[in-house]
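J.: Give me a 3D structure for the following:
(4 chains)
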Protein chains: 2
Amino acid sequence: MKIDPNSPADLSAQIAKAIHDAIMSGALPVDERLPSEAELAEQFAVSRPTVREALKRLAAQSLIRTQRGATGGAFVNRLRFEDAYAQQITTSTLLLSMNDVSFATACEARYALERACAPLSAQRRTPDHLATMRAECFRQSQPGLTDEAFCASDVAFHRALVDGAGNPVLSYQLAGAVEAMQPLMNMITFTARSRERIVALHTDIADAVEAQDGAATAAALTALEAETQMLAQSVFEARAGKTK
Amino acid sequence: MKIDPNSPADLSAQIAKAIHDAIMSGALPVDERLPSEAELAEQFAVSRPTVREALKRLAAQSLIRTQRGATGGAFVNRLRFEDAYAQQITTSTLLLSMNDVSFATACEARYALERACAPLSAQRRTPDHLATMRAECFRQSQPGLTDEAFCASDVAFHRALVDGAGNPVLSYQLAGAVEAMQPLMNMITFTARSRERIVALHTDIADAVEAQDGAATAAALTALEAETQMLAQSVFEARAGKTK
DNA sequence: CAATTTTCATTTGTCAGACATTTAAAAGTC
DNA sequence: GACTTTTAAATGTCTGACAAATGAAAATTG
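T.: You can find the predicted model right below:
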């Protein structure tokens, strides 16, 4: 694990990369303790603040965790699905907001991914998943519900559908796509008020999942995607009309 | 943008979170210049090294970039798909290697996601995508190909299929899943030598894509998944036999 | 006056040394 | 033996300083 002593700048980035590669290659197993900051500084022939900057880079990616005290130090961190969710959501949200991704493109991707879960979820969903979906449908049909609560319920509904597949890797992949769409979805539900149709389509999905019919679940999701795309288009057209 | 002055520890994490939230909320637009490190230190009432640690955390997530010199500083970075790919691959790889995810679970997720692209790719693939798939099939049929080259070609083939959908959000999501599977896939192809069957299934996929038949593409992917799972099981059984 | 060169101020990158705080193990005490 | 105190090790933070890069302003030159 060495760095190039002739590259004068970005020493902390080089050190971070060296440790990063060591973790990725498996040379540093989970819960392994790294040398202390002072020892690392000596090994890499840099000062302690530089080492610390490198360690903070790794900590930001959840690759290590640090602990104070006598037996403390930096330890290789077991990356958990919950930590990965958060990073995935951040990344997906920024990608959508910073790269002029059209709503149509994002929506298409989201429903394509969700349809990938449909057959698995229809087959394996527990009564608990189904109950959550039914409960969220009921909540969404309440008249007094705020827009924020409606959106949150929407996310919970789709989350239950995805988790029903019983595959944590799929859940992880979908979490980012669904959550990142949330701000865009809000733009629509805050404007166009067509909750009845949405709730009806959600109910169709729940029915198909209850019947354990994967094809019907996928078809219901396609219908919901079409409805969402239509709603979005009408919202965008209304805005275009206003601004001219 | 403030931090809690009463929490003594992890000041850099608090500062990083404050700036992180400001970027996520859109309060700091792309290419906006943050205050200099000295100014940030004064604003947050901490020292410059602490501010620097916070900035390095953000830089590790590609949220900011820094530039030296008179007009330099830290700027909000436009997160590009290429940067996101790298993070996605790192995260997915570590998730699989650190969480005892079974090959069956990872493989199921990967092919489920890939099937999500199948109809879109069959419909929209350009002649270029198709040519890439055909070329990789041909390469895979060459007898002298090393195992490493065969695996790389496999990734390129599936990459072309996914990119054929013409949806960068889908490509981003799939990149991690496919690349992270690569080490696990290597374990199998390095052991079980059944390239003919794999190439035949790849050719089936290319045929279905050429015919722009989404359902046939999905079906061919399902066949390839079944073959992969079967291969994996035989490999694991052989290993279990050896060790006892 | 215009073009070029030089100077300079600003900002990040790095270093050295110091002190505070946390933590667990070791030593001491009843 | 159980409890308390001490101690050492490690991270967290601060101060002050210098180096290096870089663009802009000032000085110089044709």
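
J.: Residue of chain A nearest DNA strand C, please.
T.: Nearest to DNA strand C, among the residues of chain A, is A:Gly69, at 2.2 Å (CB to the nearest atom of the strand). Backbone N, C-alpha and C define where each C-beta goes, glycine included.

J.: how close does that residue get to A:Ser36?
T.: From A:Gly69 across to A:Ser36, the span is 12 Å (CB to CB, to the nearest Å).

J.: how's chain A carved up into domains?
T.: Structural domains assigned to chain A are A:11-76, A:81-243, following automatic domain parsing.

J.: Which of those domains sits closest to B:Ala9?
T.: The minimum distance between B:Ala9 and these falls on domain A:11-76, with 7.7 Å, by CB to CB.

J.: helices and strands around the helix or strand of chain A with the lowest mean pLDDT, which ones?
T.: Each helix and strand of chain A was given a mean pLDDT (mean pLDDT, DSSP states H and E); the minimum falls on helix A:168-189 at a mean of 82. Using 3 or more CB pairs under 8 Å, 6 or more residues apart in numbering or on different chains; DSSP states H and E, the elements in contact with helix A:168-189 are helix A:81-98, helix A:103-124, helix A:147-163, helix A:214-243, helix B:81-98, helix B:103-124, helix B:168-189.

J.: circling back: output the domains of chain A in TSV; the columns should cover distance to DNA strand D and mean neighbour count.
T.: Formatted as TSV, the entries for the domains of chain A read as follows, by distance: least, CB to the nearest atom of the strand, whole Å; neighbours: other CB atoms under 10 Å in any protein chain shown:
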stretch	distance to DNA strand D	mean neighbour count
domain A:11-76	4	17
domain A:81-243	17	18
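
J.: ok, of those, where does mean pLDDT dip lowest?
T.: Of all these, the segment with the smallest mean pLDDT is domain A:81-243, scoring a mean of 89.

J.: any idea how far the least confident helix or strand of chain A is from the chain center?
T.: Going by CA atoms, centre = their mean, to the nearest Å, the spacing between the C-alpha centre of helix A:168-189 and its chain's C-alpha centre is 7 Å.

J.: Mind checking what helix or strand follows the helix or strand containing A:Ile15 in sequence?
T.: Counting by DSSP states H and E, the secondary-structure element that holds A:Ile15 is helix A:11-24. Stepping forward along the backbone from helix A:11-24, the first helix or strand reached (DSSP H and E) is helix A:37-44.

J.: Verify the contact between A:Thr189 and A:Asp147 for me.
T.: Yes. With contacts counted by CB atoms under 8 Å, A:Thr189 reaches A:Asp147, the gap being 5.8 Å.

J.: who's in contact with A:Glu136?
T.: Applying CB atoms under 8 Å, 6 or more residues apart in numbering or on different chains, we find A:Glu136 in contact with A:Ser153, A:Asp154, A:Ala156, A:Phe157, A:Ala160, A:His202.

J.: quick one: contacts for the first one?
T.: Residues counted as contacts of A:Ser153 (CB under 8 Å, 6+ apart) are A:Glu136, A:Arg139, A:Gln140, A:Leu145.

J.: ok, A:Ile19 to chain B distance?
T.: In this structure, A:Ile19 and chain B are 12 Å apart, going by CB to the nearest CB, to the nearest Å.

J.: no, scratch that, I was asking about A:Ala226
T.: 14 Å.

J.: contacting residues for the residue nearest the centre of chain A?
T.: Here the mean C-alpha position of chain A is nearest to the C-alpha of A:Gly176 (CA atoms, centre = their mean), at a distance of 2.1 Å. With contact taken as CB under 8 Å, 6+ apart, A:Gly176 is in contact with A:Tyr85, A:Gln88, A:Ile89, A:Thr91, A:Ser92, B:Gln173.

J.: Among the residues you listed, which one lies nearest to B:Ala54?
T.: Comparing every one of the contacts of A:Gly176 with B:Ala54 (CB to CB), the shortest separation belongs to A:Thr91, at 19.2 Å.

J.: before we move on, the earlier item: of the domains of chain A, which is nearest B:Arg80?
T.: For the domains of chain A, distance to B:Arg80 was read as CB to CB. The smallest value, 7.3 Å, belongs to domain A:81-243.

J.: now the closest one: how far from the chain's centre is it?
T.: Using CA atoms, centre = their mean, we find the averaged C-alpha position of domain A:81-243 to lie 13 Å away from the chain's own average C-alpha position.

J.: do the same with stretch A:62-74
T.: Counting by CA atoms, centre = their mean, stretch A:62-74 comes out at 27 Å from the chain centroid.

J.: how far does it stretch from start to finish?
T.: The first residue of stretch A:62-74 is 11 Å away from its last residue (CA to CA, to the nearest Å).

J.: Over to stretch A:57-67?
T.: End-to-end distance of stretch A:57-67 (CA to CA): 16 Å.

J.: cool, and stretch A:75-83?
T.: Taking CA to CA, the first and last residues of stretch A:75-83 lie 16 Å apart.

J.: List of residues touching it?
T.: Under the contact criterion CB under 8 Å, 6+ apart, stretch A:75-83 has outside partners A:23, A:28-34, A:62-67, A:168, A:171-172, B:91, B:94-95, B:98-99.

J.: export the helices and strands packed on helix A:168-189 to TSV and tack on distance to B:Ser47?
T.: Putting the helices and strands packed on helix A:168-189 into TSV (distance: least, CB to CB, whole Å) gives the following:
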stretch	distance to B:Ser47
helix A:81-98	27
helix A:103-124	42
helix A:147-163	40
helix A:214-243	47
helix B:81-98	30
helix B:103-124	45
helix B:168-189	38
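
J.: For those helices, give me a markdown table that also has distance to DNA strand C.
T.: Formatted as a markdown table, the entries for these read as follows, by distance: least, CB to the nearest atom of the strand, whole Å:
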| stretch | distance to DNA strand C |
| --- | --- |
| helix A:81-98 | 20 |
| helix A:103-124 | 33 |
| helix A:147-163 | 34 |
| helix A:214-243 | 38 |
| helix B:81-98 | 17 |
| helix B:103-124 | 35 |
| helix B:168-189 | 27 |
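
J.: Any idea which of the ones you listed gets closest to A:Ala54?
T.: Among these, helix B:81-98 comes nearest to A:Ala54, with 16.1 Å by CB to CB.

J.: hang on, isn't A:Leu130 packed against A:Glu210?
T.: Yes. Contact between A:Leu130 and A:Glu210 holds when scored by CB under 8 Å: they sit 5.7 Å apart.

J.: between the two, what contacts are shared?
T.: Both A:Leu130 and A:Glu210 lack any common contact, where contact means CB under 8 Å, 6+ apart.

J.: State the pair within the contacts of A:Gly176 that is farthest apart.
T.: A:Tyr85 and B:Gln173 (13.8 Å).

J.: Spatially, which residue comes closest to A:Leu174, not counting chain neighbours?
T.: Once flanking residues are discounted, A:Leu174 sits nearest to A:Val162: 4.6 Å by CB to CB, 6 or more residues apart in numbering or on different chains.

J.: ok, that neighbour touching A:Leu170?
T.: Yes. Contact between A:Val162 and A:Leu170 holds when scored by CB under 8 Å: they sit 6.6 Å apart.
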